[in-house]
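J.: The following block contains a protein sequence and its predicted model.
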Amino acid sequence: HLLIRSYRIPQRTTPNNYPSAAKELRVNMASPELQSKVNQLTAKIEGDLTSMVDEIERLKLRPVARNMHTCVVSCYDKAGKNGRKEQIEQCSQQCQIPYQRAGAATQQEISNFQNRLNRAMSQCNDDAQGMITPDMHDDTRKMKKVENSLLKCIEGVVDKSRGGLKPMKQRIESQMS
């Protein structure tokens with residue numbers, strides 16, 4: 001009887017096509033209380049990440065996207081009725097580069113965040129698994145101790161991850177300047 005069955009970060013996307021992090025922690029534990037606490041913690045980090053990504057999208061990516069579209073319109077204006085199709089396409093592609101770079105930088109930072117979070121949660125899982133001995137499965141007190149250790153580890157991971165959101169946001173924003 002294992003304490004933790006699996007941990008996964010689903011690859012669903014937000015409306016901005018950025019994967020969300022820490023949406024689901026599937027556990028097979030002795031207490032529904034622990035499952036509830038774990039769900040609250042993962043919801044907390046998910047909410048914080050979503051808020052940060054939404055703010056970046058509104059305040060940073062939208063202006064870059066607007067500039068991109070303005071630039072593309074100017075490509076058509078410059079070409080007029082006599083410009084070559086290739087000229088418009090090349091100009092349009094150049095206009096898209098800043099937006100593509102900004103999106104890629106955002107995506108990469110979120111992916112790195114997810115990977116760090118996933119590794120840390122896996123370490124909590126491994127540590128909890130390592131505490132279990134065959135005689136513990138029928139000892140509620142000992143299993144509760146393992147659960148408490150697991151919860152403390154997950155709380156630490158979430159707190160540390162939440163603390164990393166501001167520097168991540170700064171890294172993303174610095175690549176859009």
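T.: That came through, no problem.

J.: which stretches of this structure have low pLDDT?
T.: Residue ranges of the chain with pLDDT under 70: 1-30, 177.

J.: quick one, longest helix in the protein?
T.: For the chain, the longest helix by residue count, based on DSSP state H, is helix 85-131.

J.: What is that one packed up against?
T.: helix 32-56, helix 62-79, helix 140-163, helix 165-174 (3 or more Cβ pairs under 8 Å, 6 or more residues apart in numbering; DSSP states H and E). All C-beta atoms are positioned from the backbone trio N, CA, C, and that covers glycine.

J.: and the gap between the residue of the chain positioned farthest from its centre and Ile88?
T.: For the chain, the largest distance from the centre (Cα atoms, centre = their mean) belongs to Asn82, which lies 46.7 Å off. For Asn82, the distance to Ile88 equals 11 Å [Cβ to Cβ, to the nearest Å].

J.: picking that back up, phi, psi of the residue farthest from the centre of the chain?
T.: Main-chain torsions, Asn82, degrees, to the nearest 10: phi -110, psi 0.

J.: Could you list the residues in contact with stretch 93-101?
T.: 61, 64-65, 67-68, 71-72, 75, 175 (Cβ atoms under 8 Å, 6 or more residues apart in numbering).

J.: out of these, which are buried?
T.: 61, 65, 68, 71-72, 75 (16 or more other Cβ atoms under 10 Å).

J.: Please save the CA atoms from stretch 61-78 in CSV.
T.: The C-alpha coordinates for stretch 61-78 follow below in CSV (Å, rounded to 0.1, in the frame of the first residue of the first chain):
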residue,chain,number,x,y,z
LEU,A,61,2.5,40.7,-24.6
ARG,A,62,-0.5,42.7,-25.8
PRO,A,63,1.6,45.8,-26.6
VAL,A,64,4.1,43.7,-28.4
ALA,A,65,1.3,42.0,-30.4
ARG,A,66,-0.2,45.4,-31.2
ASN,A,67,3.1,46.6,-32.5
MET,A,68,3.4,43.5,-34.6
HIS,A,69,0.1,44.1,-36.2
THR,A,70,0.8,47.7,-36.8
CYS,A,71,4.1,46.8,-38.4
VAL,A,72,2.3,44.2,-40.7
VAL,A,73,-0.2,46.9,-41.8
SER,A,74,2.7,49.2,-42.6
CYS,A,75,4.2,46.4,-44.8
TYR,A,76,1.1,46.4,-46.9
ASP,A,77,1.0,50.2,-47.0
LYS,A,78,4.7,50.3,-48.2
